[in-house]
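Enquirer: sequence below, structure please.
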Amino acid sequence: GSIDPGREPLEFSAITVPDDSDMSWMMRMVKWVYAIKVWRANPVCWFLGVGPGTWGPALDGGWLRLLTENGVIGLVLFVLMLRCRDCNQSIMGPIRCCLFINMLMIDLNIAYKAMAFVLFVLGYCMSRKSASGEPAFTE
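Expert: Residues are numbered from 1 along each chain as shown. From the prediction side, this is the model:
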């Protein structure tokens, strides 16, 4: 069916599922399908997104949130921001790996405590790199 971006997605109480189904998974799927359909409705949104904060506090998919709210440009810039050359293997590598894995099912990229820590470590890596006079980001 068609999606009206000005209208809220389906009410979760209207979803009928068998008793042995996981209601939280069904709610997540409804949110994800709605987000993808609204994002795909306008080709400009593919690049720039539908706007930060559009999906509210719980889309439950950090990568999907980044892509649909900020577009391909925002997604690429987020990944590039975390590519500190000095920290690839030693410090930032494991942190980045944990962040990226957790962003599959939760909105960790908007969790201020987690991102404050990630950005603190990234800033530390960049300050170490700038003190040595080398560029901080990979090409």
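Enquirer: which residues does residue 61 contact?
Expert: 28, 32, 103-107 (CB atoms under 8 Å, 6 or more residues apart in numbering). In this view, the C-beta of every residue, glycine as well, is placed from N, C-alpha and C.
Enquirer: and which of these is nearest to residue 55?
Expert: residue 107 (8.7 Å; CB to CB).
Enquirer: so how far is residue 42 from that closest one?
Expert: For residue 107, the distance to residue 42 equals 23 Å [CB to CB, to the nearest Å].
Enquirer: ok, and the closest non-adjacent residue to residue 35?
Expert: Leaving aside its sequence neighbours, residue 35 sits nearest to residue 68 (CB to CB, 6 or more residues apart in numbering; 4.8 Å).
Enquirer: what number of residues lie near that neighbour?
Expert: Residues lying near residue 68 (other CB atoms under 10 Å) number 27.
Enquirer: name the helix or strand for it, please.
Expert: helix 62-81 (DSSP states H and E).
Enquirer: over to residue 104?
Expert: Per DSSP H and E, there is no helix or strand for residue 104.
Enquirer: the one 10 residues further on too?
Expert: Here residue 114, judged by DSSP H and E, is contained in helix 112-131.
Enquirer: and that helix, what other elements does it pack with?
Expert: helix 92-102 (3 or more CB pairs under 8 Å, 6 or more residues apart in numbering; DSSP states H and E).
Enquirer: per-residue confidence for the closest residue to residue 107 other than its chain neighbours?
Expert: Nearest non-adjacent residue to residue 107, counting by CB to CB, 6+ apart: residue 62, 5.0 Å away. pLDDT recorded at residue 62 is 89.
Enquirer: do the same with residue 113
Expert: 88.
Enquirer: tell me, how many residues neighbour it?
Expert: Quick note: residue 113 (other CB under 10 Å) scores 8 neighbours.
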